[in-house]
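Undergrad: Below are the sequence and a predicted model; questions follow.
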Amino acid sequence: MAILIDANTRIVIQGMTGVIGRNLTQRLLSENSPLVAGVSPGRGGQQVEGLPVFDSCYRAVRETGADASFVSVPAARARDAVMEAIDAGLHTIVVYAEGVPVRDAVEMRAYARYRGARLLGPNAAGCISPGLANLSDLNADWLRPGPVGIVSKSGTLTYEVIDGLNRQGLGQSSVVCLGGDPVVGMWHAPVLELFEADPQTRVAVLVGEIGGRSELEAAAFIQRMKTPVVAYIAGRHAPAGKRMGHAGALMGRPEENVPGKQAALAEAGARVVDSLTQIGGAVRQILKAAKLESFP
Amino acid sequence: MAILIDANTRIVIQGMTGVIGRNLTQRLLSENSPLVAGVSPGRGGQQVEGLPVFDSCYRAVRETGADASFVSVPAARARDAVMEAIDAGLHTIVVYAEGVPVRDAVEMRAYARYRGARLLGPNAAGCISPGLANLSDLNADWLRPGPVGIVSKSGTLTYEVIDGLNRQGLGQSSVVCLGGDPVVGMWHAPVLELFEADPQTRVAVLVGEIGGRSELEAAAFIQRMKTPVVAYIAGRHAPAGKRMGHAGALMGRPEENVPGKQAALAEAGARVVDSLTQIGGAVRQILKAAKLESFP
Amino acid sequence: MNLLECDGKTLLARHGLKIPNGALWPRLPDHAGQLVVKAQIPSGRRGALGGILFADTPEQARAQAENLGRQRLGEHHVAAVYVEERLAIARELYLAVALDRDAGCQTVVSSPDGGMSIEEVSSARILKMPIDPLTGPHAFQLAEVARFLADGATDPQAFVPVVETLLRVARAEDTELVEINPLALLPDGRVLAADAKVVLDDNAAFRRSFEPEATLKAVSAQSALERTIGQAGAVGVEVDADGEVIAVVSGAGLMMATLDLLKTAGLRVRCVVDLGGSVLAGGEGLRRVFEAVATASPKVTFLNAFMQTALCDEFARMLAGAQEASPLAGRVVVRLKGRCADTGREILKRQGFEVFEDLAPALDALTAQTNVREGR
Amino acid sequence: MNLLECDGKTLLARHGLKIPNGALWPRLPDHAGQLVVKAQIPSGRRGALGGILFADTPEQARAQAENLGRQRLGEHHVAAVYVEERLAIARELYLAVALDRDAGCQTVVSSPDGGMSIEEVSSARILKMPIDPLTGPHAFQLAEVARFLADGATDPQAFVPVVETLLRVARAEDTELVEINPLALLPDGRVLAADAKVVLDDNAAFRRSFEPEATLKAVSAQSALERTIGQAGAVGVEVDADGEVIAVVSGAGLMMATLDLLKTAGLRVRCVVDLGGSVLAGGEGLRRVFEAVATASPKVTFLNAFMQTALCDEFARMLAGAQEASPLAGRVVVRLKGRCADTGREILKRQGFEVFEDLAPALDALTAQTNVREGR
């Protein structure tokens, strides 16, 4: 099992004929990710790496049964691309672009919620279910199937988490990167909800950062969650008033800073670690303890 | 128990200072329905039967904690009244007016679904949970608490169903009238879903009519439903091409006529009766059989 | 309300859609070339019925129009005749905006294959594009419809403003259907509405300024009896012109169920009437409904009223008044139940009506003494 | 981008909001009566700092403005001086449209109690009205805000167009915040924006035509080092002016985590840099980032890069080139991991850098040889 995407997912790349789109196409095909088509208005009928390119998401859905999209278009065009994807019925959508106007992000998010689509981003690395499907900027070679689900805002930070798990010999069920902008489609909690329902996921790792209430909403859900959660929040030493690379990472009200989020998560029953480097070990311990419990 | 409304519901009447609003206020108060306020723009500060009237739903919600509304305004003003009610957080809303433009009904319905509000109507009698709360045009004196849930498009037809149940000595958990217009907020299926989850409801009665797909969607849900359902569809002998009093009751595609809907419901496991007068007896039989099963 | 072609086109033109140069006879369009003379009837089979003629000169058109205006085509009297320039059409397409009651939105229906009934077009050649009521149409939706209409053969861009305008018409005029079939692509690239079928939402009349030019009566599908009942504020549905029973019922749902009960019992029903809330509320409308019923001289009038909020005794008094003003000649069977119904029934018994509280005995009385159709 | 009052007001006026008659000194407004002379600094405490002066004559205003323009108020250099008519105000209100990142929408914030910081107003006197992004503002929402502002004391209708316009500004100009405090109700019933605080979304600059008139540099919260790094296409965050370590990291999330690790290890960090995708993609930006870092002469530069898609050997070659063009004087500790990282590390070792594959040994190297702050 996995969440959000699996081997039956049918992926399109919006903006496939651009440089980033072509590179991603090559990579996803080399990884055997279930990529079926591209969408580039005005370029319908062309091919990229043997895959058909359509003028619209509507046509791609009609001709290929596509249901997920990696939106690889410039920031200024992301809104329309996402709205069209949602309208055409693509229900898992990743917006890679950084620098999307927040008004556009607001509209994408509202439309996705209204229409029941799952939107990662803007400014998101996307999601990957190792061995099944890749709808992300992450390199599938570094992951392997396993019992750990990861939900993070940041893509680069996620590499580090995966590395920590690899050291412990632990693979991933799915890895989900939500994006670093102040307004993004999905928050941590609904992803945790999917991990909770996924039999493969034995432990969930939540990686958060300062700013916004996503991690606090997640804490409220963790209180009712059976799957154990390891949580790490970045930005403890961020100087006040500065945007920390992610437009959304900004010191805010006390509960939105590291101590506030850590406290909420710990109180909800998550295993909170102070350092990035402690995540792998914490996951290993929980799995070990669970095994001892089930085989006394 | 009951569905949609109960003794903890806090009802406002939008248009309370009008003639219909005042009459309804008197009646609901005489029935001890939990009515808390009225809303009439420009009349904030007035009182009706000792209840405060507010200028807006926002104020009514803030001052009284209201969560349900009976919209008793002229058809031309229904859209704005409903949009405001939804926006202010009233989550169970009945639109009584007949003759609402279909564009307005379309917008109300979309907004209610988007924001998670439960909308009955336009052209709906509303809903009532006997002994607990009345958010309808129905007279509470004719109902009493019991094991039967009723969901119907029509209010007047519902009187007849209640009469049939009364003859069998059977009361109601809740009675829900969806409205006779072609586009209304809730359909039968989500109400059945609520009945299914309600421990008081031992049998659900579905009353439908020709036109539209609501009863067909309900049939799809009944297949997974444990609570037994008795179903009746009006309009078998309606002449083709005529609107049968309800703007939405119109012979359409074969599956939307009486034989088509009856077949879908019967196949899904509902007990389908041909005549209005057979509903009470059918419910009685099902309850009797269930009792024999549980006390062998 | 169904508009005739000429009014539909006027409505479209008002919002900026191009239509052929045309005029309602006895006027003629100011056009030098060939003309088309079109009977204004609400039927898609107009051409097959001989309702579309071609004229080389204004004189010929005038003669054809005069002749056509006197005809009956199929079941329709020709209400009016519309004369317009004859177009040289390169391609015939289909474009409509239709209310989808189940999806709860307007839907753009388009096909590159126009000129025939849309039911005859294969589904692969039809694109249905639902328009979200909260966001309205998106630019990429218009582009997709335009691409589908262009069908790879012409520049899609020419269709974008047409689709956009048609959606604006649907919204601004509160249409249930606005259909252009064919949408004509001319050799010079212009796109024109060569026909127009428009159904307006009557409930939105209060916010619409449009007044049809052609007479409406030919368009109305209502019978004379239905119209009279409608003018009194109730809803009448004629079932069988030879029927013996007219049923007057206190509500739409119960009306349908009552019709089912009567027909299942083998009775021949002339008409059913839904009194509706406004009629129940006041005496004048009720009196006029009963006047209309009386003029139809039914052998049996069945009044089926079950009222939990309105008062049955008041209702009975209004009814008694109506009976005195315009008496019903045949039997009157009454089922009256609800608030203060005992008094109400007493009042009506004194009028000589056969009065019951419950539906079953009332139906028994009806079937016992009325001719039941053979082979029920 | 934060606009100064004068530019904020220009923006509001462009959309039709009334503002006092004013001009940016050395110009003076064409006004006969008393004047207000206002220092243009991004601080809500401007009045308390002596940044608002009143003048009876243009001569007095000119003298005050000249003096004020040379001053420093609190931490701010006065960027510009704005002179406007002095208003007779009947009531001071508060109105703002603020982006609510958590609700994911614009929210109208209003209070009948303006003129002070909104944080000082009791919550019962503040109305927050979220605006749905799909439907936009409803008429009944504008009416509710207007009623709240009127507070039963005046006609709400005067406020409806003000609220509507402010929402139009927020949408058309892509604002994160547009705040009018006080919103002035004059004795004659007019409503004016007596102050304006506007924060624009920089990401939307491509679709906005507005050019601020006043100098921006005073508004920018960026340090010189941050600005230089920003101009190279990366994001620099200055942490401690006396810090010894500059960390350059391959991504925003990892940058934050790296800062946490360094600080927790007791190191004093001058600045952290997020290289971002565009810098990683090409040599020129990377060279300029390293040039900027070199000019800051850090005792230690820590490069922390973990890349799964970009190639580490190419990255190392670009880095070597940058080092040759503008060498870093102090120690350079590198953690390089990812695709083709073996070759990359070899290249960087040859540059004399201390190179590691994993984070832990790199951190050990940093703490072992760098001054660790006392009392960590």
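TA: Cool, got the structure. Just so we're clear, the structure is a prediction, and the values are computed from it rather than from any experiment.
Undergrad: Count residues in the vicinity of C:L49, would you?
TA: Residues contacting C:L49 under the criterion other Cβ atoms under 10 Å in any protein chain shown number 17. C-beta here means a position set from N, CA and C on the backbone, and glycine is covered the same way.
Undergrad: And the strands in the stretch 151-296 of chain A, which stretches?
TA: If DSSP state E, counting those that start in this stretch is used as the criterion, the strands of the stretch 151-296 of chain A fall at A:172-177, A:203-209, A:229-234, A:271-272.
Undergrad: Of all these, which one comes closest to D:K38?
TA: Closest approach to D:K38 among those (Cβ to Cβ): strand A:203-209, 38.3 Å.
Undergrad: for the strands of the stretch 151-296 of chain A, which one sits closest to chain C?
TA: Among these, the nearest to chain C by Cβ to the nearest Cβ is strand A:172-177 (26.5 Å).
Undergrad: elements contacting that closest one?
TA: Applying 3 or more Cβ pairs under 8 Å, 6 or more residues apart in numbering or on different chains; DSSP states H and E, one finds that strand A:172-177 contacts strand A:126-129, strand A:145-152, helix A:155-167, helix A:188-197.
Undergrad: What are the buried residues along the longest one?
TA: In terms of neighbour count (16 or more other Cβ atoms under 10 Å in any protein chain shown), helix A:155-167 has its buried residues at A:G155, A:T156, A:L157, A:T158, A:Y159, A:E160, A:V161, A:I162, A:D163, A:G164, A:L165, A:N166.
Undergrad: Would you format the residues you listed as JSON lines with pLDDT included?
TA: JSON lines is the format used below for these (pLDDT from 0 to 100):
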{"residue": "A:G155", "pLDDT": "90"}
{"residue": "A:T156", "pLDDT": "88"}
{"residue": "A:L157", "pLDDT": "92"}
{"residue": "A:T158", "pLDDT": "95"}
{"residue": "A:Y159", "pLDDT": "92"}
{"residue": "A:E160", "pLDDT": "93"}
{"residue": "A:V161", "pLDDT": "95"}
{"residue": "A:I162", "pLDDT": "95"}
{"residue": "A:D163", "pLDDT": "93"}
{"residue": "A:G164", "pLDDT": "94"}
{"residue": "A:L165", "pLDDT": "96"}
{"residue": "A:N166", "pLDDT": "93"}
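Undergrad: what's near enough to touch the closest residue to A:G180 other than its chain neighbours?
TA: Excluding the flanking residues, the one nearest A:G180 by Cβ to Cβ, 6 or more residues apart in numbering or on different chains is A:H246, at 3.0 Å. Listed by Cβ atoms under 8 Å, 6 or more residues apart in numbering or on different chains, the contact partners of A:H246 are A:N123, A:K153, A:S154, A:G180, A:D181, A:E209, A:G211, D:A252, D:G253, D:M256.
Undergrad: Verify the contact between the fourth one and A:L120 for me.
TA: Think A:G180. No. Contact criterion Cβ atoms under 8 Å: A:G180 and A:L120 do not qualify, at 11.4 Å.
Undergrad: Pick out whichever of the two has more residues nearby.
TA: Legend: neighbour count by other Cβ under 10 Å for A:G180 and A:L120, higher for A:G180 (32 against 28).
Undergrad: ok, the helix or strand containing A:D80 near chain D or not?
TA: If you go by DSSP states H and E, A:D80 is part of helix A:78-88. No. Using Cβ under 8 Å from any Cβ of the partner chain, we find that helix A:78-88 stays clear of chain D, coming within 10.4 Å at best.
Undergrad: Quick check: end-to-end length of stretch C:66-80?
TA: Start to finish, the residues bounding stretch C:66-80 are 10 Å apart (Cα to Cα, to the nearest Å).
Undergrad: To clarify, my last question referred to stretch A:248-257.
TA: Across stretch A:248-257, first to last residue, Cα to Cα, it's 12 Å.
Undergrad: Give me the buried stretch members for that stretch, please.
TA: For stretch A:248-257, by 16+ other Cβ under 10 Å, it's A:G248, A:A249, A:L250, A:M251, A:G252, A:E256, A:N257.
Undergrad: From the rest of the structure, what touches it?
TA: Against stretch A:248-257 from outside (Cβ under 8 Å, 6+ apart): A:153, A:180-184, A:209-213, A:216, A:234-236, A:238-244, A:260-261, A:264, D:101, D:252, D:256.
Undergrad: Just give the nearest non-adjacent residue to residue 179, would you?
TA: This is for chain A. The nearest residue in space to A:G179 (Cβ to Cβ, 6+ apart) is A:A124, at 3.3 Å.
Undergrad: ah, I was thinking of chain C
TA: In space, and not counting its chain neighbours, C:E179 is closest to C:A96: 3.8 Å by Cβ to Cβ, 6+ apart.
Undergrad: Same question for A:A7.
TA: The nearest residue in space to A:A7 (Cβ to Cβ, 6+ apart) is A:L132, at 4.6 Å.
Undergrad: Tally up the residues packed near that neighbour, please.
TA: 20.
Undergrad: cool, and the one 10 residues further on?
TA: Residue neighbour count, defined by other Cβ under 10 Å, stands at 18 for A:W142.
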